[in-house]
Each structure stands twice: as C-alpha cells, then as structure tokens.
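Make a model of this:
(one chain, ligands or ions: 1)
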Amino acid sequence: MTYELPKGFLWGGATADFQYEGGFSEGGRGLSSHDYETDGSKDNPRHHTMKMPDGQIIAPRSSFFYADPVPPEAQPVFLEDAYYPSHQAVDFYHHYKEDIALMAGMGFNVFRFSICWSRIFPTGEETEPNEDGLAFYDQVIDEMLKYGMEPLITICHDEMPMHLALKYNGWSSRKVIDCYLNYCRVLFERYGDRCRYWLTFNEINAVRGFGPCGTRESSGQAHYQAVHHMFVASAKAVKLGHELMPDSQFGTMYAMSELYPASCKPEDVFHRLQERRENWYFIDTMGRGYYHPYAKDIWRRRGVKEIVMEAGDTEILLEGQLDFISFSYYRSNTTKAGDDWFTVGGSPNPYLEETPWGWPVDPLGLRHVMNEIYDRIQKPIFIVENGMGAVDELDENGLVQDDYRIAYLRDHLQAMADAINIDGVDCLGYTMWGPIDLISLSTGEMKKRYGFIYVDMDDKGRGSLKRTPKKSYYWIKEIIASNGAKLAE
Ligand code: BG6
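Got it, this is the predicted structure:
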C-alpha cells in the first residue's frame, strides 16, 4: 500500500501567537491572558503572577489540567525578577518574512497561525479595531499567498484580552460572546477575501488557568458554563462566517490523545468510556449541533448544577455546526477505574516509549483516533498539530541532526497515510506543531523544541534568534514534494 496522499492534501505547520509572535507592546497590542504567565519546566510548573488587595503576591499554577483556581480579588502583576515568555516569544513579529520564506522552502501549502485578539481589540471592548494590528496580519497573509500557502487561522488560541478575562471572568459571562463576534466580524470582513479555513477555538476541551476559557476556575460550574458560551460563540461565528464568506470552512480544534483502558477489567473499560466522553462532549456537541444525553452524567460528576441556556441556543448550535473536525495529537494516555485527569492523572503504559517530557509515543494511536472521529462525526478531519518536543543540540558544524524527530514524524505520517489510504478517512491536511522552534505551552521553556528550524534562543529569551534548518527540514521537504510517497523509504 502506498503512502502517497490524495491530490490537494494540505501540508504545513502550526503556531500560536503567544508562543511565537512576541511584539507584545508593539503596534497597539493590548495585554493578553498569557502575558502574566512565567516560564517553567517539566518539574516546575508555570505560574501567573498575581497580587492580592493587601499587596501579597500569589502565584497560581497554570499548567495543563492542574491549574490552580485564581481568587476573584487577585489582579495580575508583572514582577521584575520573573521572565514572561510571551513578550518576545521567538519574535515572528519582526521575522515573519524570513520565517514564511523558510516554510515555503519546505513546500508548505498551508500555515496555521493564530491571531492575537488583543492585537485587534486591545481590551476586547473597543468599538473600532486597532488598525496597526489588522495591518500586521494583512502583511503576514499576503506574504504567505506570495508562496501559494493557504492561511489556516485560529481565531482564539487559548487566550483573550486580559481585560475580558478579569472583568467578566472570561467566558463565564455571555457578554464575551458579543465581544468575540465583533472580533470575528472584523476578521472575516478584512481577511475573508484571502482566507478559507478558520478555527473558532484551539483545544477547547483542554483545561488551563486563564487558558481556553479565560476563567479563574479550571473545572466545575463556571468552567462548563463558560464552555457552553464558547459553543454558542463558535456556532454564531460559523454562521456569520458562512454568510460573509460563502467558500469558508470552519473547524474548532480539540486536544485528542488516544485513551486506553489499563486492562480488560470491565471497570477499567467502562471508566475509559466515561473519561473518553469528557472529550466527545466537545466534538459531539459542536460536530452534531446538540448535547448528547451523556452530558448530564458529566455535569453531575463535575459538580455542575445547571447549564444556563438562553432562547435560541439550541437552534444556533444546530445551525452553526462545524464543517470539519480538527485536532491535535501528540500522545496516548491510559486510564483505570479511580484515575481522573483533573486530579490524579492517568496510568502508565508499559508498551510505549516516552519522549524526554514523559509523553508516550504512539503512532498507531493516531490512526485509531482518526478512525474514531471519522466514524463518529462523518465530516472531514484535519490534523492541525502533531510533533515531538525534544532537546536539540548543535553539532560541531552548528547543525541539529534530529533523527529522533524524523523517526517520530515518519511513524506518525505513515499511520496517518494508512488511515486515509486503507481505512478511508477523509483528511484535509496535516500541520506539524511548531515548524520553527517556539515556546512550549505547558512548560514555558524554549528547551522543548519541535521545529524543523532551530532558533538560537534559551529559556530566558537570550540569543541571536537566528534561524537554522535542522536535518528534518530537508527530510520533510522531500516527503512533501513526493506528497507522502517517500515515507516508504
Ligand atoms: C497543544 C497546544 O496543546 O500542544 C499548543 O495547542 C502547544 O499551543 C502544543 O504548544 C504542544 O504542547 P507543549 O506544552 O509541548 O508546547
């Protein structure tokens, strides 16, 4: 069986503004909800730096799944001795021409990036957008089009103007739906003539402090109410987008790991179903346009008394269904009765190797997930993040010989091709995470690198920011040029 992919398959990379763009105080950009997040490491979680009314500094953890609640009276503060990676990131803001040319050099025909909401509406509540912010993304899009690269735009990648997060407790208020739609309308009217593919949110199902929902609580009533508002906002954005841009296609992005029961013990298998539904909850609601009956069980188990809905919510969820289902896939997880991602985490899987950051490597899991989603929703899928975070060392010639990354990507791309060519999954494309090294979301480090292109910068933002292609750069270029056929070699 060949690994060659159907004609028109989209090959590219994916980034997020607060991990990649920098320029945080330039061009009229407002403060974003990640701007107060410090660096960290695998064993040392990132924090938000906050101040209580009595002047006491607190530092709630903001890492994946274990975010601490942030007291309502706490206000963000910048500390002189803290490092905030989003401020400079790796400075796409000033390197976009060079970076896009490097991506074109690999043959990318799509590039996924996110627009920083507070660059367009600094507080989220202005009546007029910030022209400098709009002009920046005009230049980025035009530069991409010069090389025949399709923009895939994430409207909201785990962030929002800090003002909205603080004033409204993020998405827990319906007011934010209007702010978001106002923002979407501006983007659609400005870029709709050049951009077809849109993602309303990134990893809407992941829980992080001030993360996707911008709320101070990471689970429970406020979280699920906030998510309902995001569902409504997304559906309204899809409807508006289709009206303003008839050729547009919309997805929302989900964090999708494979999930295994730790044994064939019926309790473990049933527990796996329940944990899996914590993810299906998002895909089912947005992909089918209604809450599945199991949602009630999730609300009960997560301490949700009632999801407050307004007249018209049910209709809009149906009308604003997604056109495709997009997701990130990095790893698999294993679970047994008694595990809970939100508290104790999962169980080890003795059959899989792990990355240096402890993420199990599981290419076949990708093929399985692609099938599961496609069987369930029957809409095209799009893999919009995948990759391996690793420590890269420069050799004596100043090059990175990243054979481990090539091996990871080859295995995952082969699994993807099998899902498409053998299992019949309709997949629009693949965008590898962080084609140019950028800041890690979970740890705030630079050391955890994903790219085909090395960036000379350390964990504290020191370095020349010089970009240098790694060995994998030349490898992926050949794979893309052969539309996957060379994966067989
Ligand atoms: C996804 C996010 O969760 O995974 C990205 O959408 C993130 O923003 C990526 O960077 C990889 O995670 P990490 O923590 O290794 O950067």
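
Name the residues of the stretch 201-350 of the chain found near the ligand, please.
Asn202, Glu203, Ala255, Ser328 (Cβ under 6 Å from any ligand atom). Yep, even glycine has a C-beta here, placed from its N, CA and C like the rest.

In a helix, the second one, correct?
Spelled out, that is Glu203. No - per DSSP: H, G, I helix; E, B strand; the rest coil, Glu203 lies outside any helix segment and is coil.

ok, now which ones touch it?
Asp158, Pro212, Met253, Tyr254, Ala255, Ser328 (Cβ atoms under 8 Å, 6 or more residues apart in numbering).

Check the third one too.
Taking Cβ under 8 Å, 6+ apart as the criterion, Ala255 is in contact with Glu203, Asn205, Ala206, Asn279, Phe327, Ser328.

same thing but 10 Å
Residues counted as contacts of Ala255 (Cβ atoms under 10 Å, 6 or more residues apart in numbering) are 64, 202-207, 212, 279, 282, 327-330, 385.

How about Glu353?
Trp359, Pro360, Val361, Asp362, Tyr408 are the contacts of Glu353 under Cβ under 10 Å, 6+ apart.

quick one: which of the residues you listed is nearest to the ligand?
Nearest to the ligand among the contacts of Glu353 is Trp359, at 7.9 Å by Cβ to the nearest ligand atom.

Can you get me a residue count around that closest one?
Using other Cβ atoms under 10 Å, Trp359 is surrounded by 18 other residues.

what about it, distance to Tyr408?
10 Å (Cβ to Cβ, to the nearest Å).

joint contacts of the two?
Tyr330, Glu353, Met388, Gly389.

The third one contacts Asp362, correct?
Spelled out, it's Met388. No - using Cβ atoms under 10 Å, Met388 is not in contact with Asp362; the gap is 11.6 Å.

Just list what the lengthiest strand in the chain packs against, helices and strands only.
If you go by DSSP state E, the chain has its longest strand at strand 427-433. Other helices and strands packing on strand 427-433, by 3 or more Cβ pairs under 10 Å, 6 or more residues apart in numbering; DSSP states H and E, are strand 10-14, strand 110-114, strand 150-154, strand 325-328, helix 363-377, strand 381-385, helix 403-421, helix 471-481.

returning to what we had before: going through the shared contacts of Trp359 and Tyr408, which ones are buried?
Tyr330, Met388, Gly389 (16 or more other Cβ atoms under 10 Å).

Now intersect those with the helices, please.
Secondary structure assignment (DSSP state H) places none of these within helices.

Which one of those is nearest to the ligand?
Gly389 (4.5 Å).

And the residue in the stretch 351-489 of the chain that the ligand sits nearest to, how close does it get to Gln19?
Closest residue of the stretch 351-489 of the chain to the ligand, Cβ to the nearest ligand atom: Ser442 (3.1 Å). Applying Cβ to Cβ, the value for Ser442 to Gln19 is 11 Å.

Then Tyr329?
18 Å.

Who has more neighbours out of these two?
Legend: neighbour count by other Cβ under 10 Å for Tyr329 and Gln19, higher for Tyr329 (26 against 23).

That one against Leu364, yeah?
No - at 11.5 Å, Tyr329 and Leu364 do not qualify as touching, with contact defined as Cβ under 10 Å.

joint contacts of these two?
Glu258, His412, Ala415.

Return the member of these nearest to Lys477.
His412 (17.3 Å; Cβ to Cβ).

Spatially nearest residue to that closest one (excluding sequence neighbours)?
Once flanking residues are discounted, His412 sits nearest to Pro363: 4.7 Å by Cβ to Cβ, 6 or more residues apart in numbering.

Ok, Ser440 next?
Per Cβ to Cβ, 6+ apart, closest to Ser440 is Lys448, 4.1 Å.

residue contacts, the residue nearest to His412?
With contact taken as Cβ under 10 Å, 6+ apart, Pro363 is in contact with 258, 329, 332, 386, 407-416, 418.

What mean pLDDT does stretch 98-107 get?
The average pLDDT within stretch 98-107 is 98.

Could you give me the buried positions within it?
Asp99, Ile100, Leu102, Met103, Ala104, Met106, Gly107.

So which of those residues belong to helices?
Checked against DSSP H, the buried residues of stretch 98-107 include these in helices: Asp99, Ile100, Leu102, Met103, Ala104.

Kindly state the pLDDT recorded for the residue lying closest to the third one once chain neighbours are set aside?
Of all residues beyond its chain neighbours, the one nearest Leu102 is Ile453 (5.6 Å), with distances taken as Cβ to Cβ, 6+ apart. Among the per-residue scores, Ile453 holds a pLDDT of 98.

next one: the one 5 residues further on
Predicted confidence (pLDDT) at Asp458: the value is 98.

Helix, strand, or coil at the nearest residue to Arg29 once chain neighbours are set aside?
Using Cβ to Cβ, 6+ apart and skipping residues adjacent in sequence, the residue nearest Arg29 is Arg119, 4.3 Å away. When classified by three-state DSSP, Arg119 comes out as helix.
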